[in-house]
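Colleague: Sequence and computational prediction follow.
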Amino acid sequence: MLKRLVLSALVLFLSTLSASAQQPPVRRPVAPGMQVAPARATAAQWEAAYYAWVAGNYPDALQRAGRLLAAPNGDEFRDSVALMTGELFVTDEVAPDGNGIRWSMDSRTAGFTTGTGADRRLHLVDVSGDTPKAIAVFAGASLVFSPTTNEAAYFAISETPALTMARARLDSLMATGGGGGGGFGGPAGQLRTEITRLEAEASRPVIRDLSSGQEREIRATGLTNLALRYGRDGALYLAAAAPGDAR
């Protein structure tokens, strides 16, 4: 009799336990203003991102990598994600459209160009610290740094009436789709060649002291200036031609 009672009680207990296990977990409401902590990233999630990348499914891999890095422990996977995508070093963008970057000999100053035509600007940036800092922005082209002294040279270009007119004609031609040759040949190409010649004739070599910002102009009267270069000894060389012979 006692054995049957014990067996019945055990069956009842196991039935109750089984029914409880089948019940979905009770979700407790989150109190207003209470924030739920984001889940930590796992090694399995990293592996899923990595294998998606290896398989060539780059959009999926990048989305998975983004979720990894956004997790509370995302720093643990930063180097792995960087190596997966090919870049481990921290980068700082200093311009969305810069080109023609140059570095000073001591690597403390960088220079680059933005814009085109009359809107072209030269930028000098201090890159000696943890964060790049703008030093100066000015109109010009063809920036070069001295290898021996703390100076740089560039061409200052005077916006002559002929140059302004040529730029306007090119803008009008491109706006109406009449450039021809994809913008590199035809009438547009001829105008670009003309603008290059006019810029060379209107350019003036300038040397800028990087410490003080003071500038001095090199007199090159009657020449079409083509290029500036520093020699190893720090001497500045100017390549020029006679007017109308800029070859």
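Modeller: Thanks, I have it.
Colleague: quick one: the residue nearest to residue 103 when sequence neighbours are not counted and residue 216, what's the gap?
Modeller: Nearest residue to residue 103, sequence neighbours excluded (Cβ to Cβ, 6 or more residues apart in numbering): residue 110, at 5.5 Å. C-beta coordinates here come from the backbone N, C-alpha and C atoms, glycine included. Taking Cβ to Cβ, to the nearest Å as the measure, residue 110 falls 23 Å from residue 216.
Colleague: and what of residue 165?
Modeller: Counting by Cβ to Cβ, the gap from residue 165 to residue 216 is 31 Å.
Colleague: where along this protein do the helices fall?
Modeller: 2-22, 43-54, 58-70, 78-85, 161-175, 186-201 (DSSP state H).
Colleague: Just want the angle from the second one to helix 58-70.
Modeller: Same thing as helix 43-54. Using axes from the mean of the first three to the mean of the last three Cα atoms, to 10 degrees, the direction of helix 43-54 lies 150 degrees away from that of helix 58-70.
Colleague: more crowded one of residue 110 and residue 216?
Modeller: More neighbours surround residue 110 than the other of residue 110 and residue 216, with 20 against 10 (other Cβ atoms under 10 Å).
Colleague: Show me what stretch 134-143 is in contact with.
Modeller: For stretch 134-143, contacts defined as Cβ atoms under 8 Å, 6 or more residues apart in numbering pick out 100, 102, 109, 111, 113, 120-126, 152-157, 199, 203, 206, 210, 213, 227-228.
Colleague: And stretch 70-77, by the same measure?
Modeller: With Cβ under 8 Å, 6+ apart as the criterion, stretch 70-77 contacts 37-41, 46, 65, 68-69.
Colleague: buried ones in it?
Modeller: 71, 74, 77 (16 or more other Cβ atoms under 10 Å).
Colleague: Next, the contact list for the spatially most central residue of the chain, please.
Modeller: Taking Cα atoms, centre = their mean, the centroid of the chain lies closest to residue 93, which sits 4.6 Å from it. With Cβ under 8 Å, 6+ apart as the criterion, no residue contacts residue 93.
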